[in-house]
Structures are given as structure tokens and as C-alpha cells.
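*Asks:* the sequence isn't on hand, but the structure is:
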């Protein structure tokens, strides 16, 4: 099979289009998503669902960017580390979520609506404070020489998100464990791809191809773990006999279905990128364009996942 020539100028134009689509999606998914998901379900939106969706999206983006750079820290040098800016974004977003918790899970209209003492007295408040401090520690690590140490506070962020997502009285530890693995794999998959896509064009072709191949092997295992933990988590929240109905009749199910379709699309784009890598005789240039499309789709998955955390959980029938 003859490989298609790599169009560098076209790749730059497409990168601009991808970035524009990502920015648009970052605003539209939290803005329009709740209304579209809740329409016709009879469910009520949680207070400040859009604002919480934006903030959780920022937290997940910050987590992914830093996780990817930590994963690549022993590889080629990144063009310019994004971890310090990502950690700062995470700190600000986590602080915003802490403010919402301090206002009784409402969007505060004034300072008098805040109750800082509630943060230390409630489980959600303590988890919110943990995330703020963890992102702050990750920011300090990103500015220092031992950037790999950021893995510790980032793991605490994942742990806090996993515990927060499972307040149910029945085996919450199992749900938290599944979410911890799921979120860790998602952060490495999306963040690792961002780090690789930014690095490969600056490397000699053989070294770039090796880096893409290394990521592809890692991503295959991450996708397997994501699929397994995602199915298990879904069955915990939606008993098998009700899954089909809840995927279309509840807001949570609809967004989960959209996320599943996006993940399937990402897997298809990943397969295409690896095929291009093999078809070009190991040259990395031809695989960068589908990898960028994969990155855009993964970013949308992250945004949809953030929306999912802000919607009412499905009812166990």
C-alpha cells in the first residue's frame, strides 16, 4: 500500500480548526448539555448545573494535561510544559467548586451566602479542600526540578473525585475504586496523547515513530481498563434489566450514551492513526493528523464526562 504524502501546511490549518472546535465545545457542552439531556425526562436540574459543569470540566482538563506530562517526563523534552498553567487552572476551578459547596451547593450571590466552616464539617467540603490543596501542590511540583513528584498530588485529586462520586451507602468503596481506575486511565489516555502530539513534530522521524508506538501500546491497555470499569460502573448504577430504558429516558443515561459513542469514535480514530503509522513505514508525520482528531474527540469526551458528574444520578429500580 502506497502511503499518502504528508501535507504539513494542511496539518497546521486542520490543527487550527481542531482548536476552534474544541473551544466552541468547551462552552457549548456545559451551556446546552443540561437542557438537552433533561428535556422530556421529568427530572429537575441540580442548582448551578452549568457552572458546576464548567468547573468540573476545567478540573478534568487540568488533571489530564498534568498526567500526560508526568507520563512523558522520562521521554523527549516537551516543547514548553503546560503543567504549571494546568495546575493553576485546576487550583482555580477546584476553589470555585469549594465556593459552591460553602454556599450549600448553590451559586452564591453574595459573600454573606458563604459558610466557610461548612467545608471542614462536611464530606464534600473536605474533599473540595483536598482538591484545592492537591492542585496547589502539583503547581509547586511543576515549577520545581522534580516535576515527576506531581504524580502524588494528582493521585489525591483522582481519589477525591472518586470518593465524591459515590455517596451511596451500599459498597461505596467498590464504586470509588472503579472510578479511581477509570479516571486515572482517562487522564493518562487524553493527557498522554496531548503530550505526544505536541512532542512528535519536533523529533526526528524515527524517534517520533517510536514515541507514537510507545503511546499506542499504552493506550490499548488504558482503553481496555476504561471499558471494563465503565461497564462495571454502569451496571452498578443501572441494573441490567433497566439499562436500555434509562439510556434514553434519563438525563444521566443520555449523556452516558453520548460519551460511549464518542469513546467508540476515539477508538476508531486511534486505529486509523496506528494504521497510518504502519502504512508509512514507521514515519510519524502521517499519523499526527488522525492523532490530532483523536485528541479533539478525547477532549469532547472529557467535557461530556464533566457534564455527567453534574447531572442527577439514575434511580435504581
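*Replies:* Perfect, thanks for sending it. Note that this is a predicted model, so its numbers are computed, not measured.
*Asks:* next secondary structure element downstream of the top helix by length along the chain?
*Replies:* Ranked by residue count and defined by DSSP state H, the top helix of the chain is helix 205-237. Downstream of helix 205-237, the next assigned helix or strand under DSSP states H and E is helix 243-249.
*Asks:* just checking, next helix/strand downstream of that next one?
*Replies:* Assigned by DSSP H and E, the successor of helix 243-249 is helix 251-279.
*Asks:* show me how far that following helix is from its chain's centre.
*Replies:* Put simply, helix 251-279 sits 14 Å off its chain's centre (CA atoms, centre = their mean, to the nearest Å).
*Asks:* helices and strands around it, which ones?
*Replies:* Contact here means 3 or more CB pairs under 8 Å, 6 or more residues apart in numbering; DSSP states H and E; on that basis helix 251-279 packs against helix 8-38, helix 205-237, helix 243-249, helix 285-310. Heads up, the C-betas are built off the backbone N, CA and C, glycines and all.
*Asks:* pull out the buried positions in the second one.
*Replies:* It refers to helix 205-237. 208-213, 215-216, 218-219, 222-223, 225-226, 229-230, 233-234, 236-237 (16 or more other CB atoms under 10 Å).
*Asks:* give me the angle between that helix and helix 251-279.
*Replies:* Going by axes from the mean of the first three to the mean of the last three CA atoms, to 10 degrees, helix 205-237 is angled at 160 degrees with respect to helix 251-279.
*Asks:* what's the angle from helix 205-237 to helix 285-310?
*Replies:* Orientation check (the same axes, to 10 degrees): helix 205-237 against helix 285-310 gives 20 degrees.
*Asks:* and helix 205-237, average pLDDT?
*Replies:* Helix 205-237 shows a mean pLDDT of 87.
*Asks:* could you shift the numbering so residue one becomes 53, and keep it that way?
*Replies:* From this message on, residue numbering opens at 53, which makes the last subject helix 257-289.
*Asks:* that one packs against which elements?
*Replies:* Applying 3+ CB pairs under 8 Å, 6+ apart, one finds that helix 257-289 contacts helix 224-251, helix 303-331, helix 337-362.
*Asks:* show me the shaky parts of the stretch 153-302 of the chain.
*Replies:* For the stretch 153-302 of the chain, residues meeting the criterion pLDDT under 70 lie at 219-221.
*Asks:* gap between residue 116 and residue 309?
*Replies:* Distance of residue 116 to residue 309, computed by CB to CB, to the nearest Å: 22 Å.
*Asks:* and the two? Which one has more around it.
*Replies:* Using other CB atoms under 10 Å, the more surrounded residue of residue 116 and residue 309 is residue 116, with 26 against 14.
*Asks:* now residue 305: how far from residue 295?
*Replies:* Residue 305 sits 8 Å away from residue 295 when distances are taken as CB to CB.
*Asks:* the more surrounded of these two?
*Replies:* Under the criterion of other CB under 10 Å, the comparison of residue 305 against residue 295 puts residue 305 first, with 23 against 15.
*Asks:* contacts for stretch 141-153, please.
*Replies:* Here stretch 141-153 makes contact (CB atoms under 8 Å, 6 or more residues apart in numbering) with 100, 103-104, 107-108, 110-111, 113-115, 118, 158-160, 166, 170-171, 174, 176-177, 180-181, 183-184, 186-188, 190-191, 209.
*Asks:* one more pass at 6 Å, please.
*Replies:* Stretch 141-153 has contacts (CB atoms under 6 Å, 6 or more residues apart in numbering) with 107, 110, 111, 114, 176, 177, 180, 183, 184, 187, 188.
*Asks:* which residue packs closest to the fifth one, ignoring adjacent ones?
*Replies:* In other words, residue 176. Distances taken as CB to CB, 6 or more residues apart in numbering place residue 153 nearest to residue 176, at 5.1 Å, with adjacent residues excluded.
*Asks:* list phi and psi for residue 198.
*Replies:* phi -100, psi 70 (degrees, to the nearest 10).
*Asks:* no no, residue 217
*Replies:* Per degrees, to the nearest 10, the backbone of residue 217 is at phi -80, psi -10.
*Asks:* lovely, talk soon.
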